[in-house]
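> Turn this into a structure:
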Amino acid sequence: YHYKWPTIAVAFFVVVIAVCLVQSITTEEKDILITYAGPTSLTGDEKLAIETALTDSLPEGFGDNGREGKAGFVPYIIYSKEEIQAAQKDQVFIDTVFNSSEYSTLNSQYKTGSCSVYLLEEWLYRELLKEDGTTERLKPLAEVFGETPEGAIDAYAVRLGDTELYKNSP
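Next up is the predicted model:
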């Protein structure tokens with residue numbers, strides 16, 4: 001009885017450390033991070049299906065140390081001001097505090113450079129561009145591929161709906 005609290009504290013920290021170690025050891029490393037930002041809310045199954053389709057589309061030998069490449073997928077649910085106003089007219093509730101939080105988190109991710117590919121609604125993409133059509137937050141496609149791909153919208157973007165990945169993935 002005398003050592004009850006020290007024993008509880010030690011047991012707590014042992015369990016926390018054990019859980020953290022197991023999770024860090026079993027977590028698969030992602031070779032590429034793909035971010036979606038727009039008004040579509042995805043279920044867990046949909047996120048997994050998208051991540052699987054993206055992983056399957058990676059070229060052979062994309063992963064490190066001879067392993068298969070793995071894509072990570074992070075969605076942000078963000079509505080434009082116009083979409084929020086239209087929803088309010090239809091008496092649909094959109095949590096504007098959550099919307100602002102998601103928008104701020106996305107902007108923070110832009111600054112960290114942790115994402116390799118962004119799937120953005122057009123209005124979010126246009127916000128990244130300066131008046132002259134350039135941006136410091138995205139790398140030009142010509143630097144990534146050696147040349148600007150056929151069908152590119154501009155130096156930084158390709159419309160997802162025009163890609164083979166979109167056409168071939170349910």
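> contacts and neighbour counts: CA atoms only from here.
Noted.
> Now do the SS call for the closest residue in space to Ser116 that isn't next to it in sequence.
Excluding its sequence neighbours, the residue lying closest to Ser116 (Cα to Cα, 6 or more residues apart in numbering) is Leu33, at 5.5 Å. Put simply, Leu33 is strand when judged by DSSP: H, G, I helix; E, B strand; the rest coil.
> Isn't Leu33 up against Ser114?
Yes - assessed by Cα atoms under 8 Å, Leu33 is found in contact with Ser114 at 7.3 Å.
> Which one of those two is surrounded by more residues?
Leu33 (17 against 13; other Cα atoms under 10 Å).
> the helices in this protein, which residues?
4-26, 44-56, 81-89, 96-112, 122-128, 141-145, 164-168 (DSSP state H).
> ok, of the ones you listed, where does mean pLDDT dip lowest?
Lowest mean pLDDT within the helices of the chain: helix 164-168, at a mean of 83.
> Just the residues contacting that helix, thanks.
Ser57, Leu160, Gly161 (Cα atoms under 8 Å, 6 or more residues apart in numbering).
> ok, the first one - contacts?
Taking Cα under 8 Å, 6+ apart as the definition of contact, the neighbours of Ser57 are Leu165.
> Can you pull up the most central residue in this protein?
Thr35 (2.2 Å; Cα atoms, centre = their mean).
> do you know which of the helices of the chain lies nearest Thr134?
helix 122-128 (8.4 Å; Cα to Cα).
> So which bits of the closest one are buried?
Leu124, Leu128 (16 or more other Cα atoms under 10 Å).
> contact partners of it?
Ala37, Ser80, Thr135, Arg137.
> Quick one: distance of it to the chain centre.
Its chain's C-alpha centre and that of helix 122-128 lie 16 Å apart, by Cα atoms, centre = their mean, to the nearest Å.
> what's the answer for stretch 113-128, then?
Put simply, stretch 113-128 sits 10 Å off its chain's centre (Cα atoms, centre = their mean).
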